[in-house]
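> Fold the stuff below for me.
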Amino acid sequence: MTTFSDLKLSAPLLQALATEGYETPTPIQAQAIPPLLEGRDLLGIAQTGTGKTAAFALPLLQRLTSTDRRAAPRSVRALILTPTRELCVQILDSFRSYGRHLRLSRVAIYGGVSQGPQVQALSRGVDVLVATPGRLLDLMNQGQVKFDGLEAFVLDEADRMLDMGFILPVKRIVAKIPAQRQTLMFSATMPQAVQGLVASLLKEPVRVEVTPVATTAERIAQRVHFVEKANKRALLESLLGDKAISRALVFTRTKHGANKVAEGLAKAGVRADAIHGNKSQNARQKALNDFRSGKVRVLVATDIAARGIDVDGVTHVINYDLPNEPESYVHRIGRTARAGNEGIAISFCDSEERAYLRDIERTIRQAVPIDAEHPFHAAHIAEGKRGGAGAPPARGGRGRSGSSQGNHGSGNHGSGSHAQGHRASGGGRPSHGHHRDADASAEGNGHRGRRPDRDHARAEQPRQGGVEGRGEQRREHQFRDGPARDRQPNDRQTGEGRGRNEHSRNGHAHPHAQPRVKEAHGDNGHRGGSRHGQHGAERAARQEPARTEASQHRGARVDAANGHTPPRRPNPHRPAEGGNQNGRGGQGRSEARNGKGSQRRPQRFEPVRMG
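Now for the predicted structure:
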């Protein structure tokens, strides 16, 4: 069995490890420390809680003490980038513990606190700098830190760094550090973005992979509870009634949700606190310290704080909300079963999170056992998860009532696409299938979008044969609604040749109606043998007289009440007959402007009283 003394570590480091009680290295420590002591670049793939912090901290401390070189003012010898403040503080504590017998300076810089003490510490020069990308980039832009003497660069939790949107700050920082350096990268998962970052940062790296990518620790007992969303809080309080849950981490998807869960537990008599990005650094650190010391039994957190919570003795991790990223599930439950201990991970799953659970099981390559022994078990959600009757409805299309497919699926609507277009998706606008079926059987094709009240009216009216009957019925629908001024039918409404001499509901004929000329396009009177089809040339010939006639009567208003055209009021702003557009040939604008015309200028547009 390999021991730390077999890894050729210095005596001060071995003494510090003995003080901490570490004797046997973890698999990633045993594989990563030897090549790092040789100065090689390294790519480490391991989950949280496997001891990877010591895997890069121990060889870095030994390298920095191998020479008598000291850090110049505002310069850094080793840089460690982390995604969160909590992880930044945790790594600094590890360097302080392992290097307690070494004369090396260590500083952590992160946001959420005043930068004054951080700037003062950097001004003297730093051997080991642990930083978050945002605050470090700010200090770099201010000229408070330099990297001309950098010897080693560590990018910890690379996948989480990219998930949090730090890819651009990381690239800007890397552009400022020397090309000749030792580079280390650690990640729990290896998405495509991390692989591209590896190719750009590392030079012939040694790959250390102690477990398959995105697999969970074997000492974690996992189970899922299917529960309605409204019963999640009651289920959590029921579980926390077990005194065996001495120290639990509860993860939510949002910061607001974390506050609500923590407040609800406090009202139920459970000592709980919340930690998330909206809280100040002092409040976050206080909550973490209270949880570590045992003053707080339950700590409610979001994913952003999942990587920085390194607390021994966490017995349970509870996923109040399942994460929408499967990799986050691995990091969440990795907060328990640390340092060789065992742990339990419990996940709540409602009907909207079944897809997340399937992605998680596909990522970790195993099925999460179902626990139905709780008072809030939702059997229909569990069956839907396994592909039973509770499966989610198919996506796509607008919602329709659940009976629409049964009404339309077997009926003949003239086309298969019409019957197929009304799929049941568990709600939506009610359909009027019986009206469509009646129309389809009578006319041979279903008309979409008809109003049921109009369909009843059509059914009550006696059907008249030929084109004239259809023109009369169509005009009845056009004249049924709307004000009197809008009741004048146009050529399209009357059908142009379909009952031009027919009377409207008010008993008056169209003032410009022409005698109807029946066109011979077949024995049944249809144009071109079809209800709506007509040739382009014939259509143009029929529309040309109507356009000419409409242009002659442009501007006239027809009173639908008595059928006469009121006289048009003279407009003094228009040139007189025979005059030009500038008003020089008649009583136009120039005469009115010079006082030769009317003394009182009437309004350009005045309302016309009808009737």
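> Break this structure down into its domains, please.
4-209, 220-385 (automatic domain parsing).
> For the ones you listed, give me a markdown table that also has mean neighbour count and mean pLDDT.
Bear in mind the C-beta positions are built from the backbone N, C-alpha and C, glycine included. Output for those, formatted as a markdown table (neighbours: other C-beta atoms under 10 Å; pLDDT from 0 to 100):
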| stretch | mean neighbour count | mean pLDDT |
| --- | --- | --- |
| domain 4-209 | 18 | 92 |
| domain 220-385 | 19 | 90 |
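> is it fair to say L129 lies in a strand?
Yes: assessed with DSSP: H, G, I helix; E, B strand; the rest coil, L129 lies in a strand.
> Excluding chain neighbours, what is closest to it?
V76 (4.5 Å; C-beta to C-beta, 6 or more residues apart in numbering).
> In contact with the one you found, which residues are there?
122, 125-127, 129, 145-147, 149-150 (C-beta atoms under 8 Å, 6 or more residues apart in numbering).
> What ranges does the stretch 201-350 of the chain have for its strands?
Assigned by DSSP state E, counting those that start in this stretch, the strands in the stretch 201-350 of the chain fall at 206-209, 220-226, 248-251, 272-275, 298-301, 316-319, 343-349.
> Next, the nearest residue to E353 once chain neighbours are set aside: phi, psi?
Closest residue to E353 apart from its sequence neighbours, by C-beta to C-beta, 6+ apart: L322 at 4.4 Å. Dihedral pair for L322: phi -70, psi 140, per degrees, to the nearest 10.
> Do I have it right that L322 meets R354?
No: L322 is not in contact with R354 according to C-beta atoms under 8 Å; the separation is 9.1 Å.
> and A78, that one's in a strand?
Yes: counting by three-state DSSP, A78 is part of a strand.
> Would you list the phi and psi of the closest residue to it other than its chain neighbours?
Residue nearest to A78 in three dimensions, not counting chain neighbours: A152, with 4.5 Å by C-beta to C-beta, 6+ apart. With angles defined as degrees, to the nearest 10, A152 sits at phi -140, psi 150.
> could you measure A152 against L79, distance?
7 Å (C-beta to C-beta, to the nearest Å).
> What of G116?
With C-beta to C-beta as the criterion, G116 and L79 are 21 Å apart.
> How about K255?
K255 is 30 Å from L79, by C-beta to C-beta.
> again with K243
45 Å.
> From the contacts of V76, which land in helices?
L122 (DSSP state H).
> any idea which of the contacts of V76 is closest to A175?
Using C-beta to C-beta, F147 comes nearest to A175 of the contacts of V76, at 10.2 Å.
> That closest one touches R77, doesn't it?
No: look at F147 against R77 with C-beta under 8 Å: they stay out of range, at 9.6 Å.
> show me what contacts D359?
P326.
> so it sits in a helix?
Yes: D359: assigned to a helix according to three-state DSSP.
> Give me the phi and psi angles of H377.
According to degrees, to the nearest 10, H377 has phi -70, psi 130.
> Revised request: answer the last question for R96.
phi -70, psi -40.
> Check the contact between it and R106; I expect there is one.
Yes: between R96 and R106 a contact is recorded at 6.0 Å, counting by C-beta under 8 Å.
> Which residues outside the helix or strand hosting S94 are in contact with it?
Using DSSP states H and E, S94 maps to helix 85-98. By C-beta under 8 Å, 6+ apart, the list of residues contacting helix 85-98 from outside reads 13, 16-17, 20, 53-54, 57-58, 61, 80, 82, 106-112, 128, 130-132, 156-157, 275, 281, 284-285, 288, 305, 307-310.
> do that again at 7 Å, thanks
13, 16, 20, 53-54, 57-58, 61, 80, 82, 106, 108, 110, 112, 128, 130-132, 156-157, 281, 284, 288, 305, 307-310 (C-beta atoms under 7 Å, 6 or more residues apart in numbering).
> again with stretch 235-254
For stretch 235-254, the external contacting residues (C-beta under 7 Å, 6+ apart) are 225, 227, 258, 261, 268, 270, 297-303, 306, 309, 313-321, 323, 332, 335, 346, 348, 374-376.
> Quick check: the residue nearest to L129 vs Q180, distance?
15 Å.
> what does R124 give?
Counting by C-beta to C-beta, the gap from R124 to Q180 is 25 Å.
> Any regions of the stretch 351-500 of the chain where pLDDT drops low?
Across the stretch 351-500 of the chain, the ranges flagged by pLDDT under 70 are 385-500.
> that older thread, tell me the one of the contacts of V76 nearest D68?
Nearest member of the contacts of V76 to D68, counting by C-beta to C-beta, is D127, at 12.3 Å.
> What sits closest to that closest one if chain neighbours are left out?
Leaving aside its sequence neighbours, D127 sits nearest to L104 (C-beta to C-beta, 6+ apart; 4.3 Å).
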